[in-house]
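Undergrad: A predicted structure for the sequence below; I have some questions about it.
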Amino acid sequence: MWLKTGTFSAISVPEYRKLLFSATVFSVAQWSERLAIGWLFIYQTESVFLTGMSFAVRQIPMMLLAPFAGTVSDRIPIRRILFSVGIAQAFFAILMAFAVMHGDTNVLIMFAIILMSGIGFAFLQPSTQKSFMDVVPNDARMNAISTGSVAMRATAVVTAFGSTLLFDKIGGSATLFFVTAIYLIASVNCFFLLKNIMPTHMTKKTGLFFSEVGRGMHVLFSNSLLRTLLLLAFVIEIFGFAYQAILPAVAQEVLKLNVTGYGSLSSIAAFGSLLGTIFLMNLADFKHKGKLLIAVTVLYGIFIATFSLGGIYVLAGILLLGVGACSAVFDSLQWTLLQLNVPEDMRGRAIGGWTFVIGFGWIGHILIGAAAEFLGISQALFLAGSCVSISGLLLFLFLRRLRTV
């Protein structure tokens, strides 16, 4: 009985454990792919701007397709969605592997493949986050989101270092072939493991697909609380999460590290996010989510602004723990608040709307890459972090409703 309350309330549900395992396998592939591509660009082009662009390009399909992906996740079982996404992502990963293996690392060709691979990411987030909440009792929903984040972040800690070590030992193309294999395993796993998971709250296919898309967007942007959450996600994605795009440059240019050093930085940030989600997981059904979101936003900006200023690896690592913790708590609180404030059959569209908004993060990747080229890497991060903290302070001063949820 102790498993069914508090910290372990979500993981006590068998269907939730199946979903969690399936999402974790996908997370291994995603992290390995992202880190391999990031290092390929900074190593081969020596351009912070182009490295940032490699992250930006992936987000464009998320921006364009997320509202439709959210509606799809409200209408189609997750098993079918994840199986299809796994096959598609494996195809794009193997294209990149062959391109690198044959020495065809033309920037435009790589950008085209990365752009296509971003399509799968647009569908992955809404379907998994919606399903996490669908299969657990009402009082375990925040715990379901935070527990899922704990698993994803724990995976990231191991994968971030392991994949860059693999890159260092066997090269970029072999690492991408490994990514291909993991995506295929993830797809087959979902086909068999999730066959009996049919959420009770799904939009019936009686209305026109595009009218359901429009209804979802109307609900999200006509509600002042939801609109505020999405606006905050927009700002923080541009100025907060953009640090990931130049982390390879921080490793190489500021801290003078190699690819495994970059992997260690990524692992530290991932470990921080793990600590953050464990903290949130232990809060269970915490009542003051809005106040916590505001506090985390302010702290997030402070950590981003300062982690590279000293050029000292140990100091950067300590501050990166804070960056990772705040980023994870911020995302989990956003997913929770959005889904708790929409009708039950629209949770997928709530996350789809969120994914649409963060799809504009490519703007931040371009801005921070350009700022790093012209002003310096540490200066660019300081400006970005300051914008994040100021956003949190403005929310606290002027948006009372968020402080009351």
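TA: Okay, I see it.
Undergrad: can you pull the pLDDT of residue 7?
TA: At residue 7, the model reports a pLDDT of 66.
Undergrad: and what of residue 199?
TA: Per-residue confidence at residue 199 stands at 52 (pLDDT).
Undergrad: Of all the residues in the host helix or strand of residue 218, which ones are buried?
TA: Here residue 218, judged by DSSP states H and E, is contained in helix 209-222. Applying a neighbour-count criterion of 16 or more other CB atoms under 10 Å, one finds 212, 213, 215, 216, 217, 219, 220 buried in helix 209-222. All C-beta spots, glycine's among them, are computed from the backbone N, C-alpha and C.
Undergrad: what's the neighbour count on the closest residue to the last one other than its chain neighbours?
TA: Counting by CB to CB, 6 or more residues apart in numbering, residue 220 lies nearest to residue 353, which is 4.3 Å off, once chain neighbours are set aside. Residues within reach of residue 353, counting by other CB atoms under 10 Å, total 26.
Undergrad: What is the helix or strand residue 353 falls within packed up against?
TA: Residue 353 belongs to helix 347-358 when elements are defined using DSSP H and E. For helix 347-358, the elements it packs on are helix 48-75, helix 107-134, helix 209-222, helix 224-239, helix 313-340, judged by 3 or more CB pairs under 8 Å, 6 or more residues apart in numbering; DSSP states H and E.
Undergrad: Kindly recompute the last result at 6 Å.
TA: Using 3 or more CB pairs under 6 Å, 6 or more residues apart in numbering; DSSP states H and E, the elements in contact with helix 347-358 are helix 48-75, helix 107-134, helix 224-239, helix 313-340.
Undergrad: continuing past it, what's the next helix or strand?
TA: Taking DSSP H and E, what comes next after helix 347-358 is helix 361-374.
Undergrad: Now that following helix: average pLDDT?
TA: The model assigns helix 361-374 a mean pLDDT of 84.
Undergrad: Number the chain from 25, please
TA: In the new numbering, first residue 25, that becomes helix 385-398.
Undergrad: distance between that helix and the chain's centre?
TA: Relative to its chain's centre, helix 385-398 lies at 19 Å (CA atoms, centre = their mean, to the nearest Å).
Undergrad: likewise stretch 81-98?
TA: The answer for stretch 81-98 is 13 Å, by CA atoms, centre = their mean.
Undergrad: again with stretch 96-109
TA: So, by CA atoms, centre = their mean, the centroid of stretch 96-109 is 19 Å from its chain's centroid.
Undergrad: Buried by neighbour count: which residues of it qualify?
TA: 96-103, 105-109.
Undergrad: on that earlier part again, you'd agree the residue nearest to residue 244 is up against residue 242?
TA: No: the criterion here is CB atoms under 6 Å, and residue 377 misses it with residue 242 at 10.3 Å.
Undergrad: Skipping adjacent residues, who's closest to residue 247 in space?
TA: That would be residue 365: by CB to CB, 6+ apart, it lies 6.9 Å from residue 247.
Undergrad: pLDDT score for that neighbour?
TA: On the pLDDT scale, residue 365 gets 81.
Undergrad: Now it: phi and psi?
TA: When read as degrees, to the nearest 10, the backbone of residue 365 gives phi -120, psi 20.
Undergrad: thinking again about what came up before, if we compare the helices and strands packed on helix 371-382, which one ends up closest to residue 115?
TA: Smallest distance to residue 115 across the helices and strands packed on helix 371-382 (CB to CB): 8.7 Å, for helix 131-158.
Undergrad: that older thread, of all the helices and strands packed on helix 371-382, which lies closest to residue 66?
TA: Comparing the helices and strands packed on helix 371-382 by CB to CB, helix 72-99 comes nearest, at 4.6 Å.
Undergrad: Could you list every helix and strand in contact with that closest one?
TA: Using 3+ CB pairs under 6 Å, 6+ apart: helix 72-99 touches helix 38-69, helix 131-158, helix 233-246, helix 267-273, helix 371-382, helix 385-398.
Undergrad: and of those, who's closest to residue 175?
TA: helix 38-69 (5.2 Å).
Undergrad: and the angle for that closest one with helix 131-158?
TA: Put simply, helix 38-69 runs at 160 degrees to helix 131-158, going by axes from the mean of the first three to the mean of the last three CA atoms, to 10 degrees.
Undergrad: Relative to residue 114, how far out is the residue nearest to residue 247?
TA: 36 Å (CB to CB, to the nearest Å).
Undergrad: who's more crowded, the two?
TA: Set residue 365 next to residue 114 and count neighbours by other CB under 10 Å: residue 114 wins out with 22 against 15.
Undergrad: hang on, the earlier thing: farthest pair in the buried residues of helix 233-246?
TA: Every pair of the buried residues of helix 233-246 checked by CB to CB; the farthest is 236 and 244, at 12.8 Å.
Undergrad: which helices and strands does the helix or strand containing residue 315 pack with?
TA: Taking DSSP H and E as the criterion, residue 315 maps to helix 313-330. With contacts defined as 3+ CB pairs under 6 Å, 6+ apart, helix 313-330 has these neighbours: helix 337-364, helix 401-422, helix 424-427.
Undergrad: Pull out the CA atoms of the second one and give them to me as CSV.
TA: The C-alpha coordinates for helix 401-422 follow below in CSV (Å, rounded to 0.1, in the frame of the first residue of the first chain):
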residue,chain,number,x,y,z
ILE,A,401,30.2,33.2,-25.2
SER,A,402,30.1,34.2,-21.5
GLN,A,403,28.6,37.5,-22.3
ALA,A,404,25.8,36.0,-24.5
LEU,A,405,24.9,33.6,-21.6
PHE,A,406,24.9,36.5,-19.1
LEU,A,407,22.4,38.4,-21.3
ALA,A,408,20.2,35.4,-21.8
GLY,A,409,20.1,34.5,-18.2
SER,A,410,19.3,38.1,-17.2
CYS,A,411,16.3,38.0,-19.5
VAL,A,412,15.0,34.8,-17.9
SER,A,413,15.3,36.2,-14.3
ILE,A,414,13.6,39.4,-15.3
SER,A,415,10.7,37.4,-16.8
GLY,A,416,10.2,35.6,-13.5
LEU,A,417,10.3,38.9,-11.5
LEU,A,418,7.7,40.5,-13.9
LEU,A,419,5.4,37.5,-13.4
PHE,A,420,5.7,37.8,-9.6
LEU,A,421,4.9,41.5,-9.7
PHE,A,422,2.1,41.7,-12.3
